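S.K.: Here is my input, please return the structure:
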Amino acid sequence: MRKAARRLLWAVATVESVSHGTWSTDRTQGAALLALNHPQWTDVVGRCLSWSAGGGTTDGAGDLFELGEWLTRHP
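M.R.: Reported below is the predicted structural model:
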C-alpha cells in the first residue's frame with residue numbers, strides 16, 4: 001500500500017500542478033491541490049498520505065484504483 005500510495009500521490013502532484021500552472025512533484029502539495037480543486041477526492045488523498053507514511057489500514061484501498069482511473073481522464 002505504501003509504495004502504491006506514494007506513486008499515486010506523485011502522479012497527482014504532477015497532473016494537478018501542470019493543470020493549474022505550477023510545477024511540483026511534492027506529494028503533500030499535490031494532495032493539497034487535489035483536495036482544493038476536486039474536493040470529492042479529499043478523503044482518498046488523506047488515506048494516501050497516511051499510507052505513504054507507513055500508516056493506515058487497507059480499508060478503502062479500492063479508492064486508489066478509482067483515483068488512478070480518474071487521473072487518466074483528467075485534463
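S.K.: Tell me which residue lies nearest the centroid of the chain.
M.R.: To find the centre residue of the chain, average its C-alpha atoms and take the closest one (CA atoms, centre = their mean): that gives residue 9, at 3.8 Å.
S.K.: where's it, which helix or strand?
M.R.: Using DSSP states H and E, residue 9 sits in helix 2-19.
S.K.: if we can go back for a sec, check the spacing between the residue nearest to the centre of the chain and residue 38 real quick.
M.R.: As judged by CB to CB, to the nearest Å, residue 9 and residue 38 stand 14 Å apart. Using the backbone N, CA and C atoms, a C-beta is placed for each residue, glycine as well.
S.K.: before we move on, what about residue 69?
M.R.: Residue 69 sits 14 Å away from residue 38, taking CB to CB as the criterion.
S.K.: Relative to its centre, which residue of the protein is most distant?
M.R.: Distance to the chain centre peaks in the chain at residue 21, reaching 17.8 Å (criterion: CA atoms, centre = their mean).
S.K.: before we move on, the earlier item: with neighbour numbers in mind, choose between residue 69 and residue 38.
M.R.: residue 38 (17 against 10; other CB atoms under 10 Å).
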